[in-house]
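Novice: Just need the structure, nothing else, for what follows:
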Amino acid sequence: MDRTKEIAGFLRSRRARVTPEEAGLPADGRVRRVPGLRRDEVARLAGVSTEYYTRLEQGRALNPSAEVVDAITRALRLDDTEREHLTDLLYSGTQRPHRAAPATKAQRVRPGLHLMLETLDHVPAFILGRRTDVLASNRLAREVLTDFDALPATHRNLARYYLLDPRARERVGDWARIAAETVAMLRLEAGRYPDDRRLADLVGELTLKSPEFTGWWNDHRVLRRTHGAKHYHHPLVGDLHFSYESFQVPGDAEQTLCVYNVEPGSETAQSLRVLASWTAPGIPTR
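Specialist: Residues are numbered from 1 along each chain as shown. Model (predicted):
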């Protein structure tokens with residue numbers, strides 16, 4: 001990534017969404033040629049000079065103090081994930097707080113986690129690694145989403161599945177929202193690891209092959225997915241509704257366990273039992 005362009009794009013997009021009224025600024029009678037806040041208004045709200053904020057937005061004032069980052073965060077009404085992303089972009093090289101380059105070797109899921117996935121045999125569960133790579137999944141996850149184990153190793157990726165697999169548009173309810181959120185997850189990781197070549201290759205592939213990707217990427221939205229709702233449509237059992245939870249794996253900050261929970265006694269719970277029985281090992285699927 002060109003970090004200068006990333007800083008400029010992110011800060012411009014964040015100030016464009018905050019109106020002067022929301023920021024508590026009085027009308028000044030000037031013609032407003034840009035949406036949201038002007039640079040001088042952000043500077044005033046943050047308590048810095050317009051010249052300094054301009055240099056900051058242009059990527060010419062790196063490694064600012066924590067106090068300045070906090071002030072910009074408040075002025076632009078950033079959430080915790082956006083503040084983290086801004087910090088990643090603003091701090092250069094070894095100055096970037098607690099951020100190391102991701103390891104180049106392939107990620108591996110330890111045996112105990114594989115066993116846990118199989119123990120969770122009544123709900124879909126899987127483990128994501130860097131770049132939303134799907135490192136491991138249980139049988140119901142492979143049935144509800146797609147059989148990642150059957151894909152080439154380079155294609156076992158959640159963002160790639162959502163954006164490039166035509167079946168995902170049929171399987172995933174509210175596909176556009178879920179796909180856009182996944183792009184925002186990649187955006188956050190790109191800020192953390194701007195020199196990750198495999199991530200850059202993935203972004204390049206998605207840019208070329210997905211009509212929607214560039215627009216979502218240029219929104220500069222960032223997201224850390226922790227919990228929420230998912231809806232899938234399975235060709236055998238119909239609609240499935242989940243409440244998902246995501247957990248950082250103890251001992252490996254770059255692996256995330258994702259579990260799709262269901263309400264006991266719900267239609268989805270019944271459908272999953274049917275799906276599990278129909279697709280049990282040794283039983284041919286229709």
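
Novice: what are the ranges of the strands in the stretch 151-286 of the chain?
Specialist: Applying DSSP state E, counting those that start in this stretch to the stretch 151-286 of the chain gives strands spanning 227-234, 238-248, 256-261.

Novice: Pull out the buried positions in the second one.
Specialist: Read that as strand 238-248. The neighbour-count check on strand 238-248 (16 or more other CB atoms under 10 Å) flags 240-242, 244 as buried. (Each C-beta comes from the backbone N, C-alpha and C, glycine too.)

Novice: What lies in contact with it?
Specialist: 123-124, 144, 173, 225-234, 255-263, 266-268, 271-272 (CB atoms under 8 Å, 6 or more residues apart in numbering).

Novice: Now with 7 Å, please.
Specialist: Here strand 238-248 makes contact (CB atoms under 7 Å, 6 or more residues apart in numbering) with 144, 225-234, 256-262, 268, 271.

Novice: from the buried residues of strand 238-248, which is closest to residue 113?
Specialist: residue 244 (17.4 Å; CB to CB).

Novice: Please tell me how far that closest one sits from residue 126.
Specialist: Distance of residue 244 to residue 126, computed by CB to CB, to the nearest Å: 10 Å.

Novice: now do residue 247
Specialist: According to CB to CB, residue 247 and residue 126 sit 12 Å apart.

Novice: Residue 267 now?
Specialist: 23 Å.

Novice: With neighbour numbers in mind, choose between the two.
Specialist: residue 126 (24 against 14; other CB atoms under 10 Å).

Novice: Can you tell me the element that one falls in?
Specialist: Element membership for residue 126 (DSSP states H and E) is strand 125-128.

Novice: how about the residue nearest to residue 254 when sequence neighbours are not counted, phi and psi?
Specialist: Counting by CB to CB, 6 or more residues apart in numbering, residue 254 lies nearest to residue 130, which is 5.5 Å off, once chain neighbours are set aside. Backbone torsions of residue 130, given as degrees, to the nearest 10, read phi -60, psi 150.

Novice: Show me the strands in the stretch 1-150 of the chain, by range?
Specialist: 125-128, 134-137.

Novice: could you give the mean pLDDT of the last one?
Specialist: Per-residue pLDDT values across strand 134-137 average out to 96.

Novice: Pull that strand out as CSV, backbone CA atoms only.
Specialist: Extracted in CSV, the C-alpha atoms of strand 134-137 (Å, rounded to 0.1, in the frame of the first residue of the first chain):
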residue,chain,number,x,y,z
VAL,A,134,-10.0,-20.4,6.3
LEU,A,135,-7.5,-22.6,8.2
ALA,A,136,-9.9,-25.2,9.5
SER,A,137,-13.7,-25.9,9.5
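
Novice: List the buried residues for that strand?
Specialist: 134-137.

Novice: farthest-separated two in those residues?
Specialist: 135 and 137 (8.4 Å).

Novice: I'd say residue 224 and residue 187 touch.
Specialist: No. Contact between residue 224 and residue 187 fails when scored by CB atoms under 7 Å: they sit 10.7 Å apart.

Novice: Between those two, which has more neighbouring residues?
Specialist: Using other CB under 10 Å as the criterion, residue 224 and residue 187 rank with residue 187 on top: 21 against 15.

Novice: picking that back up, neighbouring strands - and their directions - for the strand holding residue 126?
Specialist: In the sheet, strand 125-128 lines up against strand 134-137 (antiparallel), strand 256-261 (antiparallel) (DSSP bridges).
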